[in-house]
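Asker: with the input below, show me the fold.
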Amino acid sequence: MSVDIDLRMGLLPFRDPNGKPLLQESPRVPRRYVPVEVNGESLYRVDTRFFPDALEGFYGLGQHQSGVFDYRGAVIELAQANTNIAIPLLVSTLGYGLLWNTAAKSYFDNRFPTELKLGSEAADAIDYYFLYGPSMDRIIQIYRTMTGHAPLFGRWAYGFVQSKDRYTSAKQLLDVAARYRDHQAPLDLIVQDWFWWKRQGDPEYSAAYLKPWPDVPAALRRLHAEHVHAMISVWAKFDLRSRNYREMKRRGWIIPGADVYDATNPAARDYYWRRLVGVKFAEGWDAFWLDSSEPEIWNGQSDATLDSLHLAIGNGARYTNIYPLMHAGGVHDHWRQTTDRKRVFILTRSGFLGLQRYAAAVWSGDVIGNWMTFRRQIAAGLNYQMSGLPYWTTDIGGFSFGNPKDPAYRELFVRWFEYGAFCPIFRVHGTRASGDNALWSYGKQAQSILTKYDVLRYRLMPYIYSVAWQVTHNGYTMMRPLAMDFPNDPQARDIGNQFLFGPSILVNPVT
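Answerer: Residues are numbered from 1 along each chain as shown. As a prediction, the model looks like this:
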């Protein structure tokens, strides 16, 4: 590629090796800087504008819930929130990527078709990287070379994951796993959701959770004997009465004005592992679910919750989107320091540039269990994949408002499950009116279909694990929008409800 510099206005046109324009900065309002004072610091609100090609498609930018696949004509806010993940990497069907290099709250704006505007709320300068492929796979390889490559999970992580809100005792984990074996339905991982604790932020189990099985490490050993792995939910939020909150508060490791530990502080990350996650790891838990990792503070603000606060790394307005990266990174790095005999597997609700290097998968947050939401998960997941992060999943059936006894909801759950069997991570989760969320909860007819797709996932395991190795070794993308493999096909550009699962399987979900 080539980059010219307009010496009169300082504008940058980017061209392919044949001189064809790829992207050009606009002279209309070039590189605007507006001085602002944010949290007592003098910064700039910045934006820059480009002339896009009339026919190119735009993708990436993380995970968003509007149902939009091609972002032409759209406005996207890049700020972490439950169900929305801010990844400031844009990819184009013309064969380039644009990495907007900031963790501040930012915007993508293409409302005017011949103008693309990118802006941030708090910055020193306009700062971006231009990545030339020309294939989308090559763009993502470059992005991962810049920010870190994705490790290979243990093979069990690509199997079926059983979860619900929530199991109330270790005995329930054993009983559900045993019943899967009785039904001859494959299962590799069972998940313990929240409220297992005596006080949130401390490692002790509640008295209720320990009845009638008081020895959790023994329960985990029994699960392992049945070839079932176990994941537990740990949060960045703390009960103000918890021992760990009081100690971290005393040491200045809680974010001022919040109930969340400061994951940007290395000492706080050390303490979080030693006094919470590492304690669970020593008990035998195989994986960690970092819920509410945006972080969600429950202060009435739903996005960019750190914007007005101060972090160890600096002004919250500068770094509002970085928290999930530092949070997962702390768990990953301490795990690797503890042992090299067990591969890391983290599930987290949010992410940022580079999350893939920490062996972390994300899910699409607390989405609602209805057909509209289901349809929108497909575009959300595909754009997340095109943001360079390879491991994504969703609450099959939606997190809330599902009734397994309702025939209409059973149909939705079955269709969502069929789609989930072809996601990089295959996982059911949610709060259900009946209290149960296993395959047998939805009636015999549904159970037979669900079991069929569960078995199909395992028949495909050699293929899936081979594709996963390509993700690690070659920077490959497992869940592939058609625009990745057919960028010159004008019809493929707008198809956000179908995808390739690896190189050989075309998936067209019924929605």
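Asker: the nearest residue to residue 439 once chain neighbours are set aside sits in which helix or strand?
Answerer: Excluding its sequence neighbours, the residue lying closest to residue 439 (C-beta to C-beta, 6 or more residues apart in numbering) is residue 450, at 4.5 Å. Placement of C-beta: from N, CA and C, glycine included. Residue 450 is part of helix 444-459 when elements are defined by DSSP states H and E.
Asker: for residue 27, see how far away the residue of the chain positioned farthest from its centre is.
Answerer: Among the residues of the chain, the one whose C-alpha is farthest from the average of all C-alpha positions is residue 8, by C-alpha atoms, centre = their mean at 42.8 Å. For residue 8, the distance to residue 27 (C-beta to C-beta, to the nearest Å) stands at 9 Å.
Asker: that older thread, so who does the residue nearest to residue 439 touch?
Answerer: Contacts for residue 450 were tallied using C-beta atoms under 8 Å, 6 or more residues apart in numbering; they are 185, 414, 417, 439, 442.
Asker: cool, and residue 109?
Answerer: Residue 109 is in contact with 75, 116, 117, 118, 119, counting by C-beta under 8 Å, 6+ apart.
Asker: residue ranges with poor pLDDT in the stretch 151-300 of the chain?
Answerer: Judged against pLDDT under 70, the stretch 151-300 of the chain has no low-scoring part.
Asker: all helices of this structure, in order?
Answerer: Counting by DSSP state H, residue ranges of the helices within the chain are 136-147, 170-182, 216-225, 243-251, 266-272, 278-283, 316-319, 323-338, 371-385, 407-420, 444-459, 461-474, 482-485.
Asker: which one of the ones you listed is the most hemmed in?
Answerer: Mean neighbour counts were compared across the helices of the chain using mean count of other C-beta atoms under 10 Å; the top stretch is helix 316-319, at a mean of 25.
Asker: what packs against that one?
Answerer: Contacting helix 316-319 under the criterion 3 or more C-beta pairs under 8 Å, 6 or more residues apart in numbering; DSSP states H and E are the following elements: strand 41-51, strand 116-123.
Asker: can you list the contacts of residue 109 in a markdown table and add neighbour count and pLDDT?
Answerer: Putting these into a markdown table (neighbours: other C-beta atoms under 10 Å; pLDDT from 0 to 100) gives the following:
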| residue | neighbour count | pLDDT |
| --- | --- | --- |
| 75 | 13 | 98 |
| 116 | 24 | 97 |
| 117 | 19 | 97 |
| 118 | 22 | 98 |
| 119 | 22 | 98 |
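Asker: make CSV from these and add distance to residue 86 to it.
Answerer: Compiled in CSV, those are given as follows (distance: C-beta to C-beta, whole Å):
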residue, distance to residue 86
75, 14
116, 17
117, 17
118, 13
119, 13
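Asker: just name the closest of these to residue 393, please.
Answerer: Comparing the contacts of residue 109 against residue 393 with C-beta to C-beta places residue 75 closest, at 26.9 Å.
Asker: what's the closest non-adjacent residue to residue 378?
Answerer: Once flanking residues are discounted, residue 378 sits nearest to residue 497: 5.2 Å by C-beta to C-beta, 6+ apart.
Asker: nearest residue to residue 99 other than its sequence neighbours?
Answerer: In space, residue 99 comes closest to residue 129 once its chain neighbours are excluded; the distance is 4.2 Å by C-beta to C-beta, 6+ apart.
Asker: what do you get for residue 44?
Answerer: The shortest distance from residue 44 to any residue that is not its chain neighbour, by C-beta to C-beta, 6+ apart, is 4.5 Å, and that residue is residue 33.
Asker: per-residue pLDDT, the one you found?
Answerer: Confidence at residue 33, expressed as pLDDT, is 97.
Asker: using PDB, list the CA coordinates for stretch 441-454.
Answerer: Once side chains and other backbone atoms are set aside, the C-alpha atoms of stretch 441-454 remain, and they are given as PDB (Å, rounded to 0.1, in the frame of the first residue of the first chain):
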ATOM      1  CA  SER A 441     -36.800 -29.300  30.800                       C
ATOM      2  CA  TYR A 442     -38.400 -28.500  27.500                       C
ATOM      3  CA  GLY A 443     -40.500 -31.600  26.900                       C
ATOM      4  CA  LYS A 444     -39.700 -34.900  25.200                       C
ATOM      5  CA  GLN A 445     -40.100 -33.700  21.600                       C
ATOM      6  CA  ALA A 446     -37.800 -30.700  22.200                       C
ATOM      7  CA  GLN A 447     -35.400 -32.900  24.200                       C
ATOM      8  CA  SER A 448     -34.900 -35.300  21.200                       C
ATOM      9  CA  ILE A 449     -34.000 -32.400  18.900                       C
ATOM     10  CA  LEU A 450     -31.700 -30.700  21.500                       C
ATOM     11  CA  THR A 451     -29.900 -34.000  22.100                       C
ATOM     12  CA  LYS A 452     -29.500 -34.500  18.400                       C
ATOM     13  CA  TYR A 453     -27.700 -31.200  18.100                       C
ATOM     14  CA  ASP A 454     -25.700 -31.800  21.200                       C
END
